[in-house]
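Visitor: build the 3D model from these lines:
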Amino acid sequence: MESPFKADVLKGKVALITGGGSGIGYEISTQFGKHGATVAVMGRRRQVLDDAVHALRSQGIRAIGFEGDVRKQDDAARIVDDTVRRFGRLDILVNGAAGNFLASPEDLSPKGFKTVLDIDTVGTYTMCHEALKYLKKGGPGRDPSSGGVILNISATLHYTAQWYQIHVCAAKAAVDSITRSLALEWGSEYDIRVNGIAPGQIEGTPGMRKLSPKEMTDRRRGNIPLNKMGEKWDIAMAALYLASDAGKFVNGTTLVVDGGQWLSRPQPLHKEEVKRLSRTVEHNSRASPVRLPTSKL
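Guide: The predicted model follows:
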């Protein structure tokens with residue numbers, strides 16, 4: 001679809017996107033690049049990174065991939081520093097790295113619970129912490145009167161509750177809190193705008209393939225007031241708005257992009273039905289691992 005933004009709306013900007021090699025993160029990387037930004041993609045899987053960077057460069061986007069884990073402070077510091085060494089500055093940080101799986105509370109170990117919080121919540125804060133010195137006004141390559149932008153990818157699950165997602169609900173609720181707190185403190189002190197995006201049901205993402213088999217997806221579509229699923233493009237356009245001067249007075253908000261789904265009351269599912277669907281998803285994941293084409297992730 002044609003973007004409503006000018007092609008140079010992010011011209012001269014450098015963006016670092018965690019989880020930017022696949023799914024929503026890759027679409028944000030693509031659209032940022034198409035709108036003038038230089039893109040650094042961070043992820044844990046070397047092949048996914050290489051494929052993503054190859055696809056971005058084939059579209060004329062200046063891009064580089066950095067292998068690293070947002071849970072490790074040394075990795076976060078190294079990749080933030082390497083981005084600035086390579087491109088001279090950092091203007092936008094997108095925290096898109098996330099972990100998820102289906103598990104009931106009684107079957108979810110404290111270790112499994114902690115793993116998701118470490119990736120989603122601690123990883124988000126760690127990246128923000130390491131990027132601060134470059135994003136604050138007067139940082140390397142920055143105007144002394146203008147700070148950068150942080151975007152945290154959240155969710156809507158914790159607005160109510162969701163079967164088998166207690167770990168993700170807790171993690172994303174904390175991410176939203178981080179967004180508000182940093183917007184308050186870093187906005188006033190360093191002129192850094194901090195906002196979030198909460199995607200709803202987005203077609204063609206690894207999360208939807210992993211967590212929502214077709215029979216559940218069809219049922220959930222009926223709970224969306226617009227009666228359709230979202231696209232990765234929708235989230236990327238929201239990111240462009242918040243990262244560009246179009247959103248220059250937006251700070252501390254998490255923009256919900258879900259077609260109004262969070263406003264509706266989902267049809268209840270019996271726990272045994274959820275468990276059956278969970279087993280179906282896990283079986284399909286083991287039987288047919290998802291592989292993304294290198295040219296269109």
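Visitor: where do the strands of the protein begin and end?
Guide: Shown for the chain, the strands assigned by DSSP state E span residues 14-18, 38-43, 63-67, 92-95, 149-153, 193-199, 254-257.
Visitor: relative to residue 59, how far out is residue 29?
Guide: According to C-beta to C-beta, to the nearest Å, residue 29 stands 10 Å off from residue 59. No exception for glycine: its C-beta is placed from N, CA and C like everyone else's.
Visitor: tell me which helix or strand in the protein has the weakest average pLDDT.
Guide: Sorted by mean pLDDT, DSSP states H and E, the helices and strands of the chain end with helix 214-221, the least confident at a mean of 59.
Visitor: report the longest helix in this structure, please.
Guide: helix 166-190 (DSSP state H).
Visitor: and the angle from it to strand 149-153?
Guide: 170 degrees (axes from the mean of the first three to the mean of the last three C-alpha atoms, to 10 degrees).
Visitor: give me the contact list for helix 166-190.
Guide: 95, 98, 100, 103, 105, 108, 112-113, 115-117, 119-121, 124-125, 128, 132, 135-137, 147, 150, 152, 154-155, 157-158, 161-162, 192-196, 198, 251-254 (C-beta atoms under 8 Å, 6 or more residues apart in numbering).
Visitor: neighbours of residue 57, how many?
Guide: Neighbour count for residue 57, taken as other C-beta atoms under 10 Å: 14.
Visitor: do you know how far the residue nearest to residue 160 when sequence neighbours are not counted is from residue 153?
Guide: Of all residues not flanking residue 160 in the chain, residue 262 sits nearest, at 7.5 Å (C-beta to C-beta, 6 or more residues apart in numbering). Using C-beta to C-beta, residue 262 is found at 16 Å from residue 153.
Visitor: of the two, who's got more company?
Guide: residue 153 (26 against 17).
Visitor: surely the more buried one meets residue 24?
Guide: Yes. Assessed by C-beta atoms under 8 Å, residue 153 is found in contact with residue 24 at 6.8 Å.
Visitor: for these two, list the residues in contact with both.
Guide: With C-beta under 8 Å, 6+ apart as the test, residue 153 and residue 24 both reach 96, 199, 235.
Visitor: the first one and residue 67: what is the separation?
Guide: When you say that, I think you mean residue 96. 16 Å.
Visitor: in this protein, where is pLDDT below threshold?
Guide: For the chain, the stretches with pLDDT under 70 are 206-222, 265-271, 274, 277-278, 280-297.
Visitor: all helices of it, in order?
Guide: Using DSSP H, helices in the chain cover 23-34, 46-58, 73-87, 110-117, 123-135, 166-190, 206-211, 214-221, 232-243, 271-287.
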